[in-house]
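Peer 1: Structure, please.
(chains A and B)
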Amino acid sequence: MINSIYSVLAFYGLATVIVVAAILVVLMRNIMHSVLFLAVTFIAMAGMFLLLDADFLAAVQILVYAGAVCIMLVFAIMVIRRTDMAETNLFNRQVLAGVGLTVLTLALGTIFGGRTAWTQLVTHEAVPKNTVQYIGAFMLSKYVIPFEVAALLLLVALVGAIVLARDEEVKDNAGTDDYS
Amino acid sequence: MPELTITLNHFVVLSAILFCIGLFGVFTKRNAVAVLICIELMLNAVNINLVAFSKFITPGLFIGQIFSIFVITVAAAEVGVGLAIIIAIYRNRLNVDLDNFDWLKW
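Peer 2: As a prediction, the model looks like this:
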């Protein structure tokens, strides 16, 4: 339970920023503007993590998402050459079906998620201060195997991305793209 | 006057809304990079959920926070490999329109 007036105001402000920026990510016609609003969403979400007493996660969110992922997306967009930047992020022909399915999912999720009696599970303990020392201790004791698997996953993703995006072998058949 | 407290339900509903915005983008966007962006939005919605449950239900155990760190790791790896695949496809087809990605159609 979060009671203080500042927390309530912070929640509604951050939630508004997150939702509006996320809607703009989807609606923008220029994909560069989409990535810009994606960064806004990520930073507001770091504020939401601070509100939830997860300061380490807020820092990770800024570093990994607002820093690395957004920059990587911008680089990929620049590599993929376009003639007209203003028309790079259009809708396809399934907008009506997409709206229907999304509204259905939203209604079901909101109804069931909002009606479930989570309050019976809620404890009133506070999250310990300085979460990073607890997270570090858990990471290297109880969750050490997932931690190592995550390291392996990052290595595999690194090697895989280099192999996939490498130029040499692909260049030979770039001119003849008669696959269809 | 409505009651001025933020409960777990508020975070669950916010996360559902954000997830559905991402879902709508995945369904309806043409550009493959835009679809990757919308998948990131969905993963972030899941992170809000995990951290909120971690705060309200198991505050001392940090299960949700550690799990969302792993989600962030997987999301970063996914973006890297996904963009590499998109760039490789762009080299072959000079196009990243998902409507044209139909080699596997039979």
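
Peer 1: show me where chain B has helices.
Peer 2: Ranges of helices within chain B are B:8-28, B:32-56, B:63-93, based on DSSP state H.

Peer 1: Quick one: work out the angle between the first one and helix B:32-56.
Peer 2: Orientation of helix B:8-28 against helix B:32-56 (axes from the mean of the first three to the mean of the last three C-alpha atoms, to 10 degrees) gives an angle of 170 degrees.

Peer 1: before we move on, back to that, could the helices of chain B go into TSV alongside mean pLDDT, mean neighbour count and distance to A:Leu108?
Peer 2: In short, each C-beta sits where N, CA and C put it, glycine included. Shown next, in TSV, are those (pLDDT from 0 to 100; neighbours: other C-beta atoms under 10 Å in any protein chain shown; distance: least, C-beta to C-beta, whole Å):
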stretch	mean pLDDT	mean neighbour count	distance to A:Leu108
helix B:8-28	92	22	9
helix B:32-56	93	23	15
helix B:63-93	91	20	22
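
Peer 1: Dump those helices into a markdown table; add distance to A:Tyr143 as well.
Peer 2: Formatted as a markdown table, these follow (distance: least, C-beta to C-beta, whole Å):
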| stretch | distance to A:Tyr143 |
| --- | --- |
| helix B:8-28 | 23 |
| helix B:32-56 | 14 |
| helix B:63-93 | 6 |
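
Peer 1: and B:Leu94, how many neighbours?
Peer 2: By other C-beta atoms under 10 Å in any protein chain shown, 11 other residues sit near B:Leu94.

Peer 1: And it, how far from B:Ile87?
Peer 2: Here B:Leu94 is placed at a distance of 12 Å from B:Ile87 (C-beta to C-beta, to the nearest Å).

Peer 1: swap in A:Ala137?
Peer 2: In this view, A:Ala137 and B:Ile87 are 40 Å apart by C-beta to C-beta.

Peer 1: what does A:Gly47 give?
Peer 2: 33 Å.

Peer 1: now A:Gly100
Peer 2: Distance, A:Gly100 to B:Ile87, by C-beta to C-beta: 33 Å.

Peer 1: Return the residues in contact with residue 26.
Peer 2: As the question left the chain open, I've gone with chain A. The contact partners of A:Val26, taken as C-beta atoms under 8 Å, 6 or more residues apart in numbering or on different chains, are A:34, B:21, B:24-25, B:28-29, B:38.

Peer 1: Switch to chain B, please.
Peer 2: Taking C-beta under 8 Å, 6+ apart, we find B:Val26 in contact with B:35, B:38-39, B:42.

Peer 1: nearest to chain A, of those residues?
Peer 2: The shortest approach to chain A among these belongs to B:Cys38, at 6.7 Å (C-beta to the nearest C-beta).

Peer 1: Tell me which residues touch that closest one, please.
Peer 2: Neighbouring residues of B:Cys38 by C-beta under 8 Å, 6+ apart: A:25-26, B:21-26, B:29.

Peer 1: now, the most widely separated pair of these?
Peer 2: A:Val25 and B:Leu23 (12.8 Å; C-beta to C-beta).

Peer 1: ends of stretch B:88-102, how far apart?
Peer 2: End-to-end distance of stretch B:88-102 (C-alpha to C-alpha, to the nearest Å): 15 Å.

Peer 1: Tell me the pLDDT of A:Val170.
Peer 2: If you check A:Val170, the pLDDT there is 51.

Peer 1: and what of the one 5 residues further on?
Peer 2: For A:Gly175, the model assigns a pLDDT of 56.

Peer 1: Same check on the one 5 residues further on?
Peer 2: The per-residue pLDDT reported for A:Ser180 equals 47.
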